[in-house]
Every structure is written in C-alpha cells, then in structure tokens.
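Asker: Structure for this input, please:
(2 chains)
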Amino acid sequence: MADPLHTIAATLRQAFAGVTGLPADTIDPVVRPSDRADAQVNGALALAKQLGRNPRELAAEVVATGALDGVCSAVEVAGPGFVNLTFRPEFLAAQLAAAAADARLGVRPATHPERVVVDYSAPNVAKEMHVGHLRSTVIGDSIVRLLAFMGHTVIRENHIGDWGTPFGMLIEHYLDLQAESGAAPALDMANPNPFYQAARAKFDADDDFKARARDRVVKLQSFDPETIDLWQRLVAASSDYFSRVYREMGVLLTSDDVMGESAYHEAMPAVLDRLSKAGLMEVSDGADVVFPPGFTNREGQPLPLIVQKAGGGFNYATSDLACVIDRIERLHATLLVYVVGAPQAQHLAMVFKVAEMAGWLAPPARAVHVQFGSVLGPDRKMFKTRSGESVRLQDLLTEGVERATAAVQEKNPELTAEEQAAIGHAVGMGAIKYADLSSDRVKDYIFDWDRMLAFDGNTAPYLQYAHARICSIFRRAGTDRADARQAPIAVAEPQERALALALLGFDAAVQDTVDKFSPHRLCTYLFDLAQAFTSFYEACPVLKDGHEATRAGRLALCDLTARTLATGLGLLGIDAPERM
RNA sequence: GCGCUCGUAGCUCAAUGGAUAGAGCAUUUGACUACGGAUCAAAAGGUUAGGGGUUCGAGUCCCUUCGAGCGCGCCA
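Answerer: Predicted coordinates:
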C-alpha cells in the first residue's frame, strides 16, 4: 500500500482493539490529513465516548503500545484526544518507492469488481447538441474512466432520443423535402434546428400535415418498413454527427454505445404485463399507473408514475423501466449509474422506486442518479447566446480550442503549426472539461472563458503546465523516465516532504472520487499536487544540484509527479501534453 | 401549496461530524542573465443567509425563517 494513512489505519485498528477489547473490524481510527502534522488520528474521541472513558487517556494508551514507532518519528496526544503523527522519512521513502513501482501509482483496485452501466450524454436525434449536453457527457465520461480504472466492467450507454411523437412530423417533413427536390434531402445534423423547426412550424400551422404526422407515428410504432427506413436515415445522420463530436472531445462514446429509446420499444408491453402480475398496476383517469409511496402532487394526492397513457401509448417512464430490466437481466449489471440533470430527480426516483417494488431492482443491484446543476452565463441565468438561443456544443468546443491555440501560438512561436494545433486542442478541450468537472456537480456553475483558460489558479492549463515542465526537465536531463523512477527518493527538504505527502494521497483521492461520483474531488487533489510540485520546483533544484544521489532522487520524484498528474488528468478525460 | 437542490472572503470555488473554515482570482508587497515567469514567496480579506436543537465537537446532521433555482399525471 502506498497510502500512509491507509497503512496506518490498519495498524491503529489493531492497536485500538488491543487497548479497548473491542473487535477490530468495528473500529474506525479516523486517520485524516492534518495541517498540524503529517496526519491526525481522531478515533480516540468517539471510542472514549462509547466506552465512557477519558479520550486523552485512551489516546495515550494507544500511543504507548508503540505500534507506530516504526513509521512515525513523533506521535503526540493533543487537545481533547487527537493524536498528531509525523512520519519518518524512511517510511515516506518506502511508500513512494511502492507507488513508483506500481503501474497504478498506489491506487488500490475495487475489492469487489462489478458490472456497471453508465448512462450519459443522451442527445436527441434531429436536434442540436447544445451546452445542456456538455455536463452529462463530460461528467459521465470521467465516471466511466474512473470506474474502469478501479477494475469494474463498465458498459457505456448513450440513451439518445430516437423515438416518440416528434418523428411523425420529422419524417413527413423529410418526405415533403424529397418530393420538392426530387432527391433524398441532405441532412445537416451539425445544424439540425432549421429542419426540426420547419417540421414543427408545419405541424403547428397545417392540420393536414398534423394528421399525416400522427398517422406516420402509428406507422413507425407498428414498424412499417418504409417508415422504419426513413426513420433510420434520420437516426443514422444524427448518430454519425454525435460520434464526430465525441471524437473531437476525446470522449469514449462511440456508435456502438448507442442504446436509444427505440431499443426498448419492443420490451414495453412486457413491462406492463409484469407490473400487472406484481399487482402494482392501477387505472387512474384512464391511464395505467403505479403509485410509488412517498410522492405527492400539487393537491397532496399520491403522484402516479404513468406507464401507459389513456390513449394506449407508452411514455418515457415505460421505456426507463424497460431499460432498468434490460440492464439488470440482459447485461447483468449490479450498478446502474444515470448521469442526468437535476430536474429529472423526481422522475428517476419514481422509476427506481417502481423497479424496486416490482422486484427488478433488488440488492445487490442498485441505481444511482448522478445529478448535476446547470451551466450558467455571466448573468447567473441559463447559459444562452446573445440572441437568447441555446449555445451549440460544437461552437463552444471550437471557440475553446481557438482561444487556447491562440495562446499557444503567442507563447510558443517556435513550434510548428501542427504542434500548436495539437497543444491548443488539448489545452482548450481540457479547460472546458476541467471547468465543468472541478466544481461540485450538484451545483450550477458559471461559464467563463477567461477563468477556465487562465494559466493561474485551479484550471486545466495550470495542471498541464506543471506536467509539461517536468517533461522539460527530462528532455534536458537526457535521462530515461523508466530508469529515473528506479532511484531511491530521499525526503529531506520541506518542499520534498510536502510533495511526497501529496503524491501518496492519490489513492485516497481516487477512492473518494469514485465513491461519491464526484470528479471535483480529484480535481482538487490534482491542483494541490501541482501546487506542491511548483513549490518544490522553485525550492529544490533538480538538475543543478551537485549531488548525484539528490539529483537522481529528485528526478524520481519528478517522474512520479508527472505520472500522477497525467494519470489523474486522464481519469478526467483530459490530455497532458509534453510541451505547451 | 408540496417536493428536490442550493446559500461559505469583493468574485469563482473547496472543506469523508474533528482543533485556528481553506484555495484561486482581484488587491497590496517582494523574487527575473529563468532546471520553462504560462512561476514562486508573503500580506490582507469570514458572525459559513438568520434563529433554535443534537453532539465531547456542527459550514456539514435535525427543526424553523428568509432568499435563489428546478420539479410537481398522460412531451421525452
């Protein structure tokens, strides 16, 4: 184990058990980072309370066992019963060596690997990908990478909006265009709004068109071959476009991950059947519904989840339930992760509740709504263009890359245009993603180009710069990175010590991030690490130091820092260029 | 009306129930013939929206008031 806190917690659990007589597996020694020492132990306070003892005495008894003498140079009881720990440099060096030798950099894999479905992005066919899809895509992608890194089997699913009543009018409009031009219309899914809005306008204005559109929906839902073919063209065009955007973003989703609403269409009757057999179905105002407990409407009456509309059609609740069944019974997932905006919280809670009531979602299987807030403009309202339209995702990405590329050109005029473009892409995309990931996802955040692209502060460019500087040291040193990491690391200077402690916190940071599905925790960690590195960089010369052992040890420290930064950024879906 | 989420420095944000609430930006003061200054060192900045409660200990948990955003039966 490369995490000293984790290593020490195991030791202390035994020590507390010996002193208190309690079973070790019920004891949490509560070992935490501290600004007063390398770490602090808080477990004595709670245990003393539980046993009716004096916490300082209990803490002193644990210290007196000498369990920590091998790893700590100072152990002292302070305040009401805290224990402050100072690690021995040799202990830190050994932990660093373990991390450096580990391809996972000390991050422990999951003790119980699972099959996990992550549902994210979910744009709509024949509609724009806009800023509203940014968060689901970026957060979801990071969660996919984190879960996979932990050793879970991750199944990505892109639940695109490819089914439902709008397709009647879209297909009829498509046919109108075809009849007018005499050829298959070109579908520009990078700019689908004119197409969608023209269809919508006809639908609203023209009763005849409206009737055709409704008729077409019926044909679609009964799998009329000609209609399916037309529908397929729309879906394929959009899906191709989505894939292009994902490639540009460096997001893992591909067309193979598409599991749109249409994929569950055939499974929906069985949902009703099974709900009926489970005795959960009721009829309310002509619709078939389930009343999950704990939900009420405006009038304080029980709120139903409608699974079949009064007219006989299904809705998204039905398809979401079919989706739960599919993920559990076909894919054998035990964890369903929904990376969906906060406004869907009640809907998803009701779907999960009904799935539990029906027995589909039963332990160990469970569903988690990884919800997130909105992207706001500088006015603190929903981020819109000046003309009040939603911001196209593509435009946002392009602008970010352009701004970053301009900065790279200014700072590095000596690089080739190709190199500048590649670095600009990494920095611009990284800045956008990092801005989205670095604040608590449940809160809204304000979109601000200047702040996210700043080279100071908690930004992607700052982290990327720290990484690039280390790469620069190795270019200059002419030392092979893999050789450099073999050298023993001495922890002598305060900045070396601070950097060492930061590096050894990687495991805890990743575990915490995954447990809470909160990428901002990893961001905070990486920023702290980068700051510890730059302080070290200022204070501790690597190549200029005269002693060979010091130089080798510091190079090893640099290598581990660079790998930790690159790996951490990678878990966020962000590239770490070697120069910038 | 009910429900969910939020309210922390001038601004943008952190803080698994642990000691003195931390960063960054902006402001002020230092360090440049630089292992890459896209940097570093430091100062200043707070009644954690208000009020109760639980706890050895509360920004965090519970209740309540105020404020903001989003939901609340046949769109998805």
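Asker: So which residues on the stretch 201-350 of chain A come close to RNA strand B?
Answerer: Neighbours of RNA strand B within the stretch 201-350 of chain A, by CB under 7 Å from any atom of the strand: A:261, A:284-287, A:289, A:296-298, A:300-301, A:303-304, A:306, A:309-311, A:313-316, A:319, A:342-347. All C-beta atoms are positioned from the backbone trio N, CA, C, and that covers glycine.
Asker: residue ranges of the strands in the stretch 201-350 of chain A, please?
Answerer: When secondary structure is read from DSSP state E, counting those that start in this stretch, the stretch 201-350 of chain A shows strands at A:282-284, A:287-290, A:305-308, A:335-339.
Asker: Next: the stretch 351-500 of chain A.
Answerer: Counting by DSSP E, counting those that start in this stretch, the stretch 351-500 of chain A has these strands, from start to end: A:366-370, A:375-376, A:445-446.
Asker: For the residue nearest to A:Ser535 when sequence neighbours are not counted, grab the count of nearby residues.
Answerer: Distance criterion CB to CB, 6 or more residues apart in numbering; nearest residue to A:Ser535, sequence neighbours excluded, is A:Gln495 at 5.1 Å. Residues lying near A:Gln495 (other CB atoms under 10 Å) number 17.
Asker: Next: A:Ile574.
Answerer: Neighbourhood size, A:Ile574 [other CB under 10 Å]: 26.
Asker: Could you check the pLDDT of it?
Answerer: At A:Ile574 the predicted local distance difference test score is 97.
Asker: A:His425 too?
Answerer: What the model reports for A:His425 is a pLDDT of 96.
Asker: Same question for A:Pro378.
Answerer: The model's pLDDT for A:Pro378 equals 84.
Asker: Isn't it up against A:Asp448?
Answerer: Yes. Taking CB atoms under 8 Å as the definition, A:Pro378 is a contact partner of A:Asp448 at 6.8 Å.
Asker: Those two: who's more crowded?
Answerer: Taking neighbours as other CB under 10 Å, A:Pro378 and A:Asp448 compare with A:Asp448 leading, 13 against 9.
Asker: Which part of chain A gets nearest to RNA strand B, residue-wise?
Answerer: Of all residues in chain A, A:Gly457 sits closest to RNA strand B, with a separation of 2.1 Å (CB to the nearest atom of the strand).
Asker: Phi, psi for that residue please.
Answerer: The main-chain torsion angles of A:Gly457 are listed as degrees, to the nearest 10 and equal phi 90, psi -170.
Asker: what bits of chain A have low per-residue confidence?
Answerer: Low-confidence regions of chain A, defined by pLDDT under 70, span residues A:1.
Asker: bridging residues for A:Val370?
Answerer: Partner residues in beta bridges with A:Val370, using DSSP bridges, are A:Val339.
Asker: can you count the residues close to it?
Answerer: When neighbours are counted by other CB under 10 Å, A:Val370 registers 20.
Asker: For it, which residues are in contact?
Answerer: With CB atoms under 8 Å, 6 or more residues apart in numbering as the criterion, the residues that contact A:Val370 are A:Ile139, A:Gly140, A:Ile143, A:Val337, A:Tyr338, A:Val339, A:Val340, A:Arg441, A:Phe517.
Asker: Repeat the analysis, applying 7 Å as the threshold.
Answerer: Residues in contact with A:Val370 (CB atoms under 7 Å, 6 or more residues apart in numbering) are A:Ile139, A:Ile143, A:Val337, A:Tyr338, A:Val339, A:Phe517.
Asker: Run through the helices of the stretch 151-300 of chain A in chain order.
Answerer: Per DSSP state H, counting those that start in this stretch, the stretch 151-300 of chain A has helices spanning A:166-181, A:193-205, A:207-221, A:225-249, A:268-277. These are given in chain order.
Asker: end-to-end on stretch A:68-86?
Answerer: Counting by CA to CA, to the nearest Å, you get 10 Å between the two ends of stretch A:68-86.
Asker: one step back: does the residue nearest to A:Ser535 touch A:Tyr537 like I think?
Answerer: No. Here A:Gln495 does not reach A:Tyr537: they are 8.4 Å apart, not a contact under CB atoms under 7 Å.
Asker: if we can go back for a sec, OK, contacts around the residue nearest to A:Ser535?
Answerer: Neighbours of A:Gln495 in contact, by CB under 7 Å, 6+ apart: A:Ser535, A:Phe536, A:Ala539, A:Cys540.
Asker: Kindly report the same for A:Lys210.
Answerer: Residues in contact with A:Lys210, defined by CB under 7 Å, 6+ apart, are A:Phe203.
Asker: same deal with the one 5 residues further on?
Answerer: When contacts are counted by CB under 7 Å, 6+ apart, A:Asp215 touches no other residue.
Asker: before we move on, the earlier item: can you lay out the strands of the stretch 201-350 of chain A as TSV showing mean neighbour count and distance to A:Ala37?
Answerer: Rendered in TSV, the data for these read as follows (neighbours: other CB atoms under 10 Å; distance: least, CB to CB, whole Å):
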stretch	mean neighbour count	distance to A:Ala37
strand A:282-284	13	61
strand A:287-290	20	55
strand A:305-308	22	53
strand A:335-339	23	37
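Asker: Compare these and give me the one nearest A:Phe149.
Answerer: Taking CB to CB as the measure, those were each checked against A:Phe149, and strand A:335-339 came out nearest at 14.8 Å.
Asker: Would you reformat the strands of the stretch 351-500 of chain A as JSON lines and include distance to A:Ala417?
Answerer: Written out in JSON lines, the entries for these read as follows (distance: least, CB to CB, whole Å):
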{"stretch": "strand A:366-370", "distance to A:Ala417": "40"}
{"stretch": "strand A:375-376", "distance to A:Ala417": "32"}
{"stretch": "strand A:445-446", "distance to A:Ala417": "33"}
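Asker: Redo these as CSV? Include distance to RNA strand B.
Answerer: Converted to CSV, these look like this (distance: least, CB to the nearest atom of the strand, whole Å):
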stretch, distance to RNA strand B
strand A:366-370, 9
strand A:375-376, 7
strand A:445-446, 4
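Asker: Out of those strands, flag the one nearest A:Leu187.
Answerer: If you check each of the strands of the stretch 351-500 of chain A against A:Leu187 by CB to CB, strand A:375-376 wins as the nearest, at 27.6 Å.
Asker: Give me the packing partners of the closest one, helices and strands only.
Answerer: Secondary-structure packing of strand A:375-376 (3 or more CB pairs under 7 Å, 6 or more residues apart in numbering; DSSP states H and E): strand A:445-446.
Asker: which of the contacts of A:Gln495 are buried?
Answerer: If you count burial by 16 or more other CB atoms under 10 Å, the buried members of these come out as A:Phe536, A:Cys540.
Asker: Closest to A:Thr567 out of the contacts of A:Gln495?
Answerer: A:Phe536 (18.7 Å).
Asker: isn't the closest one right next to A:Leu499, touching?
Answerer: Yes. In terms of CB under 7 Å, A:Phe536 counts as a neighbour of A:Leu499; the distance is 4.5 Å.
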